[in-house]
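# kindly generate the corresponding structure for this input.
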Amino acid sequence: MVKNKTIYLCESCGNEFSAWSGRCQACGEWNTLKELKVEKLTSKAGTGGNVEISNLSDVVVSGASRIKTGISEFDRAIGGGIVPGSIILLGGEPGIGKSTLLLEVAGKIKKTLYFSAEESANQISMRSKRLGVDEENITLMTGSEVSSLTSQVAKDRPELIIVDSIQTVYLETYDATPGSIVQVRECGIYLQQLAKRSGIPILLIGHVTKEGNLAGPRILEHLVDAVLYLEGERFSEARILRNIKNRFGATNEVGVFAMQEKGMIEVKNPSELFLSEKQDSPGSVIAVALEGTRPILIEIQALVVPTHFGYPKRTSSGFDLNRLNLLAAVISKKTGLNLSNSDIYLNIVGGMKVNEPATDLAVCASIISSYKNKPFKKDSVFIGEVGLLGEIRKVSRQKDRQKEAQNLGYCLIENIQDLSDILKNLSN
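Alright, predicted model coming up:
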């Protein structure tokens, strides 16, 4: 027997509630509970449903090895290749290059089913010709009803399925518009079951909100096996493919691309890309950030100018603002530099975002260099965490960072024990 039931689903964390309230009791967000009508199937208790039970030691691991796309930076980000039967969600801002990247991936696989609900066949064909994609490998479906994939998958048996995008497809069995919390959730569950049942991996493109989070209920991120974000400044060619969830490998791995006229071009040496236009000027400092297992040299720029208001301004791009305020306070305390009357602007060049403490010393060095209007030696690199007492602490994989810096012709300044030692290394 079928009963109608009304629940309230939090679009931020995905938790369900029987009654509406202004604030989600699970995550604390306000005005995120949305009404959802579902059909509850009631049956005799104890039937068990369609459940398989086996001893874990008797389970035979089946399935082929990872599918290599031939795009090494993409394979690196997802842990060495696409796992058969997995479902992967790719998010990013509009125009960042999500569809471009996955269309290039589609052309590298022997047989790909590309399901597009956003663009027409003519639009996709124009892009593929511009990118030089092998179109013979791609079967294109345009439409929005996602259940039509089942018959096509059984007919073609592709090696990879791409859905562009999860916010524009729908299931006709649910009375809701595409992109609604109901459709995103149910389409996600449907595609997850299709991937596990068929053993064919599925790549989903997801939209993001103005806050930079994936749109739709948080349950969508729990359903998938891996979540990738494509990051970068829209007016910069650098693109960072970042892995924030991976059930089959390490997280926080990154792939680096350059957006050019011919599409996404792999960057084999990201450090050269981020340092290609570096100038030896006051406020410019080189740091070594660890992205996944890869050390990358980045340029940190600081601008310190007298403030024109009673309260000094602090602005950062690609670096945590609270951490910047803390480091500015430590500099003032331990070096005697008066930053209370100065505005500080900090930028990580190339659209990179860093949040590890290993860049603390470089941030402090760039601020001191700009304040004193004196540069460091052009081959200088700063690595270290700064404590509240002004001491410099060692960081994880210090030797790997030093080796990467030396390979590119840079030298680590090792005679810095606390922040006051930075002043001794400024050029006269």
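# what about the closest residue to residue 134 other than its chain neighbours, how many residues nearby?
Nearest non-adjacent residue to residue 134, counting by CB to CB, 6 or more residues apart in numbering: residue 107, 4.5 Å away. C-betas here are computed from N, CA, C, even on glycine. By other CB atoms under 10 Å, 21 other residues sit near residue 107.
# mind exporting the C-alpha coordinates of stretch 374-384 to CSV?
Listed next in CSV are the C-alpha coordinates belonging to stretch 374-384 (Å, rounded to 0.1, in the frame of the first residue of the first chain):
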residue,chain,number,x,y,z
LYS,A,374,63.3,46.2,-0.3
PRO,A,375,63.3,42.9,-2.3
PHE,A,376,65.0,39.6,-1.4
LYS,A,377,67.5,37.8,-3.6
LYS,A,378,65.8,36.6,-6.8
ASP,A,379,66.5,32.9,-6.1
SER,A,380,65.2,33.0,-2.5
VAL,A,381,62.5,30.6,-1.3
PHE,A,382,60.7,30.7,2.1
ILE,A,383,59.3,27.5,3.7
GLY,A,384,58.0,27.4,7.3
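# what lies in contact with it?
Identification of contacts with stretch 374-384 by CB atoms under 8 Å, 6 or more residues apart in numbering yields 280-282, 284-288, 297, 358, 360-362, 365, 369, 392-395, 398, 401-402, 405, 409-413, 416, 425-428.
# which of those residues fall within helices?
Under the assignment DSSP state H, the contacts of stretch 374-384 contribute 360, 361, 362, 365, 369, 398, 401, 402, 405 to helices.
# hang on, the earlier thing: keep only those of the contacts of stretch 374-384 that are in strands.
Residues of the contacts of stretch 374-384 located in strands (DSSP state E): 284, 285, 286, 287, 288, 297, 392, 393, 411, 412.
# dig out what the second one forms beta bridges with.
It stands for residue 285. residue 300 (DSSP bridges).
# isn't it up against residue 366?
Yes - with contact defined as CB atoms under 8 Å, residue 285 counts as touching residue 366 (4.1 Å).
# between the two, what contacts are shared?
Joint contacts of residue 285 and residue 366 (CB under 8 Å, 6+ apart) are 300, 301, 302.
# re the thing from before, any of the ones in strands among the contacts of stretch 374-384 buried? List them.
284, 285, 286, 287, 288, 297, 392, 412 (16 or more other CB atoms under 10 Å).
# ok, the closest residue to the fourth one other than its chain neighbours - contacts?
The reference is to residue 287. Leaving aside its chain neighbours, residue 287 sits nearest to residue 362 (3.4 Å; criterion: CB to CB, 6+ apart). Contact partners of residue 362, counting by CB under 8 Å, 6+ apart, are 285, 286, 287, 300, 382, 383.
# same thing but at 7 Å, please
285, 287, 300, 382 (CB atoms under 7 Å, 6 or more residues apart in numbering).
# same check on residue 112?
106, 137, 138, 158, 159, 160, 162.
# the closest residue to it other than its chain neighbours: which element?
Once flanking residues are discounted, residue 112 sits nearest to residue 106: 4.1 Å by CB to CB, 6+ apart. Element membership for residue 106 (DSSP states H and E) is helix 98-108.
# report the backbone C-alpha coordinates of that helix in CSV.
Extracted C-alpha coordinates of helix 98-108, given in CSV (Å, rounded to 0.1, in the frame of the first residue of the first chain):
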residue,chain,number,x,y,z
LYS,A,98,33.9,22.0,-17.0
SER,A,99,32.2,20.9,-20.3
THR,A,100,35.4,21.6,-22.3
LEU,A,101,37.4,19.3,-20.0
LEU,A,102,34.9,16.4,-20.0
LEU,A,103,34.5,16.7,-23.8
GLU,A,104,38.2,16.2,-24.2
VAL,A,105,38.0,13.2,-21.8
ALA,A,106,35.2,11.8,-23.8
GLY,A,107,37.3,11.9,-27.0
LYS,A,108,40.1,9.9,-25.3
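# show me what it is in contact with.
Contacts for helix 98-108 (CB under 7 Å, 6+ apart): 69-71, 74, 90, 92, 112, 114, 127-128, 131, 133-134, 137-138, 160, 162, 164, 203, 205, 230, 263-264.
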